[in-house]
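Engineer: pasting the sequence and the predicted coordinates here, then a few questions.
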There are 2 protein chains.
Amino acid sequence: MEYRKLKDLDKDDGAVGDDIESLRGKALSGAHTNNMATLGGHSIDRAKWKRKSIVTLALTVLTSSQAILIVWSKRAGKYEYSVTTANFLVETLKCALSLAALLRIWGNEGVTDDNRLSSSLDEVIVFPIPAALYLVKNLLQYYIFAYVDAPGYQILKNLNIISTGVLYRIILKKKLSEIQWAAFILLCAGCTTAQLNPSSDHVLQAPFQGWMMAIVMALLSGFAGVYTEAIIKKRPSRNINVQNFWLYVFGMIFNAVAIVIQDFDAVMNKGFFHGYSLITVLMIVNHALSGIAVSMVMKYADNIVKVYSTSVAMLLTALVSVFLFGFHLSLAFFLGSTVVSVSIYLHSIGKLQR
Amino acid sequence: MEYRKLKDLDKDDGAVGDDIESLRGKALSGAHTNNMATLGGHSIDRAKWKRKSIVTLALTVLTSSQAILIVWSKRAGKYEYSVTTANFLVETLKCALSLAALLRIWGNEGVTDDNRLSSSLDEVIVFPIPAALYLVKNLLQYYIFAYVDAPGYQILKNLNIISTGVLYRIILKKKLSEIQWAAFILLCAGCTTAQLNPSSDHVLQAPFQGWMMAIVMALLSGFAGVYTEAIIKKRPSRNINVQNFWLYVFGMIFNAVAIVIQDFDAVMNKGFFHGYSLITVLMIVNHALSGIAVSMVMKYADNIVKVYSTSVAMLLTALVSVFLFGFHLSLAFFLGSTVVSVSIYLHSIGKLQR
């Protein structure tokens, strides 16, 4: 449960991209990219497509390895560390990586309007909102387990897919074709099918409150994701590392609040790093990198791509677990994977026919 | 098990349509319809669409009530009647209904080239083939249970959907659009998902022979269906009741052979009608009418419509069973139904974009 909470916070979160950014060099930094886009042309489209593919692939691989770390850690035994401190460290690491990326860019390009850290109040004022939404969502998570068991919650989390699609349409005013909507419903049904297990049916007996909370949480998470995309895309030429620095600074602040609310006594009595192990550190690093990948996907692709990417990661995790942990794949998994694959195909077909 | 076999034979079988035919009057008899089609025009298209809808609806309702009769009969206790005699009576009833429809048509229109019963050898020679294929398939059915349990067989039967689609494409050379293919895969995955139960996973451990037999049976059943459509559509102006008369005459002959092979001793010792009850009679009538509806769908629509119709019937059966027998719907059922619904939507969308 502990690990799942950590995972939730991160997967939905926006994040700075130092590693991938620097990997692709200054040609792909925010400002430059935007200039390229305005020039148009085939090779530029291709470069954009390539960058979009790389960040999507990175998100998929990081998310699925994240889930594998969770399984591994569960097998290794229960770790009694404080989840809120781990989340705080994830935000801090992402913040540090953003700054490191910025230092490198300043060294190469000098300080410009697009990559300077100081920002107007108008620009910064919106950044606490996603972090606040995630905090509320994570607090709600403690209460939903009064109504829904853990496998049921895993099933209900797939409502995020639908809420993201609906809010993406409403808030960002981007249209999906009819086929893409059909594909999105299939993605949700396919992911849920792939996760079915003999106790999944319990969720149908969950009380009304449980369903309402799950829907509210899905809306909060979807809204936070879509809002983050809106913030990041509002200033396309602004360097992503600056945008993420602000995102993560507020992430740090809100997670510090969470430490005080939830784990103050534990941290005071047992210490900040109580219960940490190698695997905890690996998970923190993985979560930070996944967060960075999410942010990159928000900047260079969109929330729809993010949802597809994390869904495929879920399927990949199950496949890899077969080899690593000797898991058995269920018939439901095969059927769900088939539906998800058809969904991806339809999404790409639907785009052409828009 | 007994009832399922009866059901299988019929659902896949071609059949004459006296009731629906006479319901719509002579304006819709085979010959007339074809003349109408060659004239073209909006009201004719509408009449054809209406006829297609009615036969499809009839097939859906009859198939789902058929499954409900099966559940009802199982609840009422096991009936020890001979399945082969019941199948023989179904064929005989369909044959009788074809003749009754023809008598009526002859009375109204007189005997014409299109509705006369005497047929050339060239025309008749193909009619035994579907009946023979079904006989082989039904005999195989006795052996597959050595490798696969009953719930597993129910799951594997969904391979029929794919085999019908593939053979429809190859034999009838009719094209499905990319979206319609995607929809067809979804239909298969959705139907299977809706039927998932805790013991479904056993099918994954079924031996190679079990899978091979299931695939062969799916191909036989798909081939028989597609071949029946080919025969019926080869002579569009020929009255459907004549075509079905020949189809069912051979059905009677092959089922008589089946009685001799499988139930000769039982029939000789206990009598032909041993173990029959009211519900057996109802099931025979229902199977005959369903068979008639299948035939109508083959003539006025196609195998793809038939597959969609019987799939929807499966879902309807489950819904009706909730009210009639207090069944509980599983989460898998909801997910499968969602996927099937999207599949139907995509199939209709795909048609427009062909």
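Structural biologist: Sure, I can see it.
Engineer: which positions in chain A make contact with chain B?
Structural biologist: A:155, A:178-179, A:182, A:185-186, A:189-190, A:192-193, A:196, A:198, A:200-201, A:203-204, A:329-332, A:335-336, A:338-339, A:342, A:345-346, A:349, A:353 (C-beta under 8 Å from any C-beta of the partner chain). For glycine as for every other residue, the C-beta is placed from the backbone atoms N, C-alpha and C.
Engineer: quick one: buried ones out of those?
Structural biologist: A:155, A:179, A:182, A:185-186, A:189-190, A:192-193, A:196, A:200-201, A:203, A:330-332, A:335-336, A:338-339, A:342, A:345-346, A:349 (16 or more other C-beta atoms under 10 Å in any protein chain shown).
Engineer: of the residues you listed, which belong to helices?
Structural biologist: Taking DSSP state H as the definition of helices, those contribute A:155, A:179, A:182, A:185-186, A:189-190, A:192-193, A:331-332, A:335-336, A:338-339, A:342, A:345-346, A:349.
Engineer: so where's the stretch 1-150 of chain A shaky on pLDDT?
Structural biologist: The model of the stretch 1-150 of chain A has pLDDT under 70 over residues A:1-41, A:74-79.
Engineer: leaving out sequence neighbours, find the closest residue to residue A:169.
Structural biologist: residue A:176 (6.5 Å; C-beta to C-beta, 6 or more residues apart in numbering or on different chains).
Engineer: host element of that neighbour?
Structural biologist: Following DSSP states H and E, there is no helix or strand that holds residue A:176.
Engineer: residues near residue A:125, how many?
Structural biologist: By other C-beta atoms under 10 Å in any protein chain shown, 11 other residues sit near residue A:125.
Engineer: if I look at it, how far off is residue A:119?
Structural biologist: As defined by C-beta to C-beta, to the nearest Å, residue A:125 lies at a distance of 10 Å from residue A:119.
Engineer: repeat that for residue A:99.
Structural biologist: With the distance defined as C-beta to C-beta, residue A:99 ends up 14 Å from residue A:119.
Engineer: and if you look at residue A:93?
Structural biologist: 22 Å.
Engineer: those two: which is more packed in?
Structural biologist: With neighbours defined as other C-beta under 10 Å, residue A:93 and residue A:119 compare such that residue A:93 has more, 20 against 16.
Engineer: excluding its backbone neighbours, what's nearest that one?
Structural biologist: Among residues not flanking residue A:93 along the chain, residue A:288 sits closest, at 4.1 Å (C-beta to C-beta, 6+ apart).
Engineer: what's the burial count for that neighbour?
Structural biologist: Neighbours around residue A:288, by other C-beta under 10 Å: 26.
Engineer: so it: helix, strand or coil?
Structural biologist: Assigned by DSSP: H, G, I helix; E, B strand; the rest coil, the conformation of residue A:288 is helix.
Engineer: hmm, it is touching residue A:94, no?
Structural biologist: Yes: with contact defined as C-beta atoms under 8 Å, residue A:288 counts as touching residue A:94 (4.9 Å).
Engineer: just the buried residues of stretch A:120-129, please?
Structural biologist: Buried residues in stretch A:120-129, counted by 16+ other C-beta under 10 Å: A:123, A:126-129.
Engineer: quick check, nearest of these to chain B?
Structural biologist: Using C-beta to the nearest C-beta, residue A:129 is the member of these that lies nearest chain B, at 32.9 Å.
Engineer: give the buried residues for the helix ranked longest in chain A.
Structural biologist: What stands out as the longest helix in chain A, according to DSSP H, is helix A:42-76. Of all the residues in helix A:42-76, those buried under the rule 16+ other C-beta under 10 Å are A:47-48, A:51-52, A:54-56, A:58-73.
Engineer: check stretch A:95-107 too.
Structural biologist: Counting neighbours by 16+ other C-beta under 10 Å, one finds that the buried residues in stretch A:95-107 are A:95, A:97-99, A:101-102, A:104-105.
Engineer: just those residues: which are in helices?
Structural biologist: A:95, A:97-99, A:101-102, A:104-105.
Engineer: thinking again about what came up before, for the residue nearest to residue A:93, give its distance to residue A:231.
Structural biologist: 20 Å.
Engineer: and residue A:277, by the same measure?
Structural biologist: As judged by C-beta to C-beta, residue A:277 and residue A:231 stand 35 Å apart.
Engineer: can you check residue A:161 too?
Structural biologist: When residue A:161 is compared with residue A:231 (using C-beta to C-beta), they lie 22 Å apart.
Engineer: so those two - more neighbours on which side?
Structural biologist: More crowded of residue A:161 and residue A:231, by other C-beta under 10 Å: residue A:161, with 25 against 20.
Engineer: please name the nearest non-neighbouring residue to residue A:298.
Structural biologist: Closest residue in space to residue A:298, ignoring its immediate chain neighbours: residue A:229 at 4.6 Å, by C-beta to C-beta, 6+ apart.
Engineer: pretty sure that neighbour contacts residue A:302?
Structural biologist: Yes: applying C-beta under 8 Å as the test, residue A:229 and residue A:302 come out as touching, 6.1 Å apart.
Engineer: when those two are compared, which one has more neighbours?
Structural biologist: With neighbours defined as other C-beta under 10 Å, residue A:229 and residue A:302 compare such that residue A:229 has more, 26 against 19.
Engineer: what strand or helix carries the more buried one?
Structural biologist: Using DSSP H and E, residue A:229 falls in helix A:208-234.
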